[in-house]
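Participant: Sequence and predicted structure below; questions after.
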Protein chains: 2
Amino acid sequence: MQIEQVTLASTPQGKPAETDFALGNGNLPDVLQDGEALVRVIALSLDPYLRSAMAGRHLSASIAPGDVVRGEGLVEVIVSRSTRMAAGQRWVAACGWRSHALLDADAIAAARPVATEIDPPTLALGVLGMPGLTAWAGFGKLAQARAGDTLVVSAAAGPVGATVGQLARIAGCRVVGIAGGPDKCRWVTEVAGFDACIDHHDPGEGGLRGGLKRACPVGVDVYFDNVGGDLLLAVCEQLAVGARIVLCGLIAHYNGEAPVPLNPGLIIRARATVRGLVVYDHWADLPRMTAELSGHIAAGRLKFREDRSVGLASAPAAFVRLMSGHNRGKALVIL
Amino acid sequence: MQIEQVTLASTPQGKPAETDFALGNGNLPDVLQDGEALVRVIALSLDPYLRSAMAGRHLSASIAPGDVVRGEGLVEVIVSRSTRMAAGQRWVAACGWRSHALLDADAIAAARPVATEIDPPTLALGVLGMPGLTAWAGFGKLAQARAGDTLVVSAAAGPVGATVGQLARIAGCRVVGIAGGPDKCRWVTEVAGFDACIDHHDPGEGGLRGGLKRACPVGVDVYFDNVGGDLLLAVCEQLAVGARIVLCGLIAHYNGEAPVPLNPGLIIRARATVRGLVVYDHWADLPRMTAELSGHIAAGRLKFREDRSVGLASAPAAFVRLMSGHNRGKALVIL
């Protein structure tokens, strides 16, 4: 059968451009092999790590020119010859940027069912999916935050950052976000309920460091870093003794900028503990995370925002917006 | 009374030179105030952190031109008007590079008594003193090493590194040292009993990274870093998943070289935990450390080496040797 798909036309240089992608047609075999399933893609998840994979610098496999762009999506099973999947079910699976996908046994083994109570089901790509699990595991298992701690989180308007900050608020922390632009900062404080949010485009007197000092006058106890770059260095300069840092993402470097030193002297001075987080280690906790965060959402304690574009053809532009920081919440493409 | 003392003549540029120091005379008041004590210096401890203090870049106070060089020593009390000290006792105290020192109430409060069983008493400046406590606390409380782990330690022939490695051997780790020159490496493997030692002056094929790969074919589980610099980066490139890093010292930077990036991407990839160590936090454990390490020494399981020079006038040259890596073991000046 003929399907629609988006391939990588060329490896992006710096920030990706729409011309780095090509919309076209592909073919899927009409007959399934044993163990395979055919799915229709309902929604694609756009995630910054894909930019890193396009540069061949991510833990996961590379995405090379000519490849259909990888990525997970919310899918509906059309035909299944797998004992794990049945027609009509909804799953999160590695479908790629396609209208339909043929999942092999490995892809089916790695897929995750979407409980019917999850409403809207796209939450399984956001706050109840990989970004939510990243936030939940990073905050709950690595950050060791205590009530009264000042926690700073970057990319605070994104699905990981916003969830981390709200979990920290629930745990009794004072929470300071860092986000780009007044609209994001307003959402972070007014909707997500952070105590403060620093606009890294316009941090006020003394730049980012001045903004951090005003927002965290007695230092930073916990830093949840989604960004890397100079932001990481600036926060390290203002760590309180005994600080904890969770290194979760390096958005500042995904577009290709050189890494900024994480100064070991600052880590020593603060007797800090720095931990690297890879969400793949925590899939076994998905049900626990889903139950816990669903409860917070139902109780109105956990807010989220989806940035939806419509049609597979809109995926390149939506990804360019994401990598330029112009998305508003979890970036999704609804097919 | 007139005493001998060494002052800092000029702030060192790069590696210190003997001409950065001046030997001269000073005066101490002939009458003690209440709460003070007069001590004779038996031995001075030379430590790399003093170079950092001379540059004004250490946690502790700076050492400026004209100041008597700071530093701790093994001292004997001559006259005391403090209730904490009595004439004839031996203490480790912040005496500075002097033949005699007047200790005020603060210095006396911070001083540590030397038990008569400690033999030679200079051990209270080395493996049973600050370097020993650094190694004991860093290994025992921060590194979380398990039997079977591959532990790498830099400055492995120094009092901290050698003690860390031997504690790790006792705990069942495979231990790889990094040291400068064949003489140090031989001592590390043949006397201190490390499984291997990489000579960073001559690491063989593939440079330091090649040497590390050969010595740690399945990666580094624990890295105890006394050095910083490119060595830290090279080890980070070869971390095993779940690795732990203790950041203890930055000898590579003490002479003024620019810091080398600690690449956050490598920390994330390895899901590593990085902890900063400041020995000052662990003084309360001194008696426990002393008891434990004394036992190891008595049983022949813990070796140490002292690098003694004689006479206060030899302190500048000995310090220059230390900061050039030419010392052999704990650097001491015997008065």
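Facilitator: Received it, and whenever you're ready, just let me know what you need.
Participant: show me the contacts for A:Ala318.
Facilitator: A:Ala318 is in contact with A:46, A:307, A:309, A:327, A:331, A:333, counting by C-beta atoms under 8 Å, 6 or more residues apart in numbering or on different chains. No exception for glycine: its C-beta is placed from N, CA and C like everyone else's.
Participant: If I look at the fourth one, what pLDDT would I see?
Facilitator: In this model, A:Asn327 is scored at 91, pLDDT.
Participant: Quick check: it touching A:Asp307?
Facilitator: Yes. Taking contacts as C-beta atoms under 8 Å, A:Asn327 lies within contact range of A:Asp307: 4.4 Å.
Participant: So for the two, which residues contact both of them?
Facilitator: A:318, A:321.
Participant: Those two: who's more crowded?
Facilitator: Counted by other C-beta atoms under 10 Å in any protein chain shown, A:Asn327 and A:Asp307 do not tie: A:Asn327 has more neighbours, with 24 against 19.
Participant: What's the separation between the more buried one and chain B?
Facilitator: 22 Å (C-beta to the nearest C-beta, to the nearest Å).
Participant: ditto for A:Arg275
Facilitator: Counting by C-beta to the nearest C-beta - A:Arg275 and chain B are separated by 5 Å.
Participant: helix/strand/coil for that residue?
Facilitator: Put simply, A:Arg275 is strand when judged by DSSP: H, G, I helix; E, B strand; the rest coil.
Participant: Check A:Phe319 too.
Facilitator: helix.
Participant: How about the residues of chain A by chain B?
Facilitator: Within chain A, the positions adjacent to chain B are A:57, A:59, A:225, A:228, A:232, A:247-248, A:250, A:253, A:259-265, A:267-278, A:281 by C-beta under 8 Å from any C-beta of the partner chain.
Participant: Now the two most distant members of the contacts of A:Ala318.
Facilitator: By the measure C-beta to C-beta, A:Asn327 and A:Val333 form the most distant pair in the contacts of A:Ala318, at 11.4 Å.
Participant: Could you name every residue contacting both of the two?
Facilitator: Contact criterion C-beta under 8 Å, 6+ apart; residues shared by A:Asn327 and A:Val333: A:46, A:318.
Participant: Any buried residues in stretch A:283-293, and which?
Facilitator: For stretch A:283-293, burial by neighbour count (16 or more other C-beta atoms under 10 Å in any protein chain shown) applies to A:285-286, A:289-290, A:292-293.
Participant: For A:Arg40, which residues are in contact?
Facilitator: Contacts of A:Arg40 by C-beta under 8 Å, 6+ apart are A:75-76, A:78, A:99-100, A:335.
Participant: roughly how far apart are A:Asp225 and B:Val310?
Facilitator: Per C-beta to C-beta, to the nearest Å, A:Asp225 is found 51 Å from B:Val310.
Participant: again with A:Phe224
Facilitator: As for A:Phe224, its distance to B:Val310 is 54 Å (criterion: C-beta to C-beta).
Participant: Among the two, which residue is more densely surrounded?
Facilitator: A:Phe224 (33 against 12).
Participant: Mind telling me what element that one is part of?
Facilitator: Using DSSP states H and E, the element containing A:Phe224 is strand A:220-225.
Participant: name the helices or strands packed onto the very next helix or strand once past that strand?
Facilitator: Reading on from strand A:220-225 to the C-terminus, the next helix or strand found by DSSP H and E is helix A:229-236. Judged by 3 or more C-beta pairs under 8 Å, 6 or more residues apart in numbering or on different chains; DSSP states H and E, helix A:229-236 is in contact with strand A:150-154, helix A:207-215, strand A:220-225, strand A:239-247, helix A:251-254, helix A:264-269.
Participant: Quick one: closest of those to A:Gly66.
Facilitator: Set against A:Gly66 and scored by C-beta to C-beta, these come closest in helix A:251-254, at 21.0 Å.
Participant: what pLDDT, on average, does the closest one get?
Facilitator: In this model, helix A:251-254 has an average pLDDT of 76.
Participant: which residues are in contact with it?
Facilitator: A:48-49, A:51-52, A:55, A:155, A:226-232, A:259-260, A:323, B:265.
Participant: related to what we said a few turns ago, among the contacts of A:Ala318, name the least confidently predicted one.
Facilitator: Within the contacts of A:Ala318, the minimum per-residue pLDDT falls on A:Asn327 (91).
Participant: so who does that one touch?
Facilitator: A:46, A:158, A:307, A:318, A:321.
Participant: just checking, A:Pro203 touches A:Gly211?
Facilitator: Yes. If you go by C-beta under 8 Å, A:Pro203 and A:Gly211 touch, sitting 3.5 Å apart.
Participant: Could you identify which of the helices and strands packed on helix A:229-236 has the lowest mean pLDDT?
Facilitator: Lowest mean pLDDT within those: helix A:251-254, a mean of 76.
Participant: ChimeraX command for the buried members of the residues of chain A next to chain B?
Facilitator: To isolate the buried subset of the residues of chain A next to chain B in ChimeraX, counting by 16+ other C-beta under 10 Å, use the following:
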select /A:225,228,232,247,248,250,253,259,260,261,262,263,264,265,267,268,269,270,271,272,273,274,275,276,277,278
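Participant: first vs last residue of stretch A:4-13, how far apart are they?
Facilitator: Distance between the two ends of stretch A:4-13: 25 Å, counting by C-alpha to C-alpha, to the nearest Å.
Participant: Show me what counts as buried in it.
Facilitator: A:4-9, A:12.
Participant: and which of these is nearest B:Ala105?
Facilitator: Among those, A:Pro12 lies closest to B:Ala105 (C-beta to C-beta), at 65.1 Å.
Participant: Which pair of the contacts of A:Arg40 spans the longest distance?
Facilitator: Maximum distance among the contacts of A:Arg40 (C-beta to C-beta): 13.4 Å, for A:Ile78 and A:Leu335.
Participant: who's more crowded, the two?
Facilitator: Of the pair A:Ile78 and A:Leu335, A:Leu335 is the one with more neighbours under other C-beta under 10 Å, namely 22 against 13.
Participant: dump the residue contacts of the more buried one.
Facilitator: By C-beta under 8 Å, 6+ apart, the neighbours of A:Leu335 are A:40-44, A:99, A:311-312.
Participant: Kindly report the same for A:Met130.
Facilitator: A:Met130 makes contact with A:45, A:47, A:72, A:279 under the criterion C-beta under 8 Å, 6+ apart.
Participant: do that again at 7 Å, thanks
Facilitator: A:Val279 (C-beta atoms under 7 Å, 6 or more residues apart in numbering or on different chains).
Participant: Next: A:Pro48.
Facilitator: A:Pro48 sits next to A:249, A:251, A:254, A:322-323 when contact means C-beta under 7 Å, 6+ apart.
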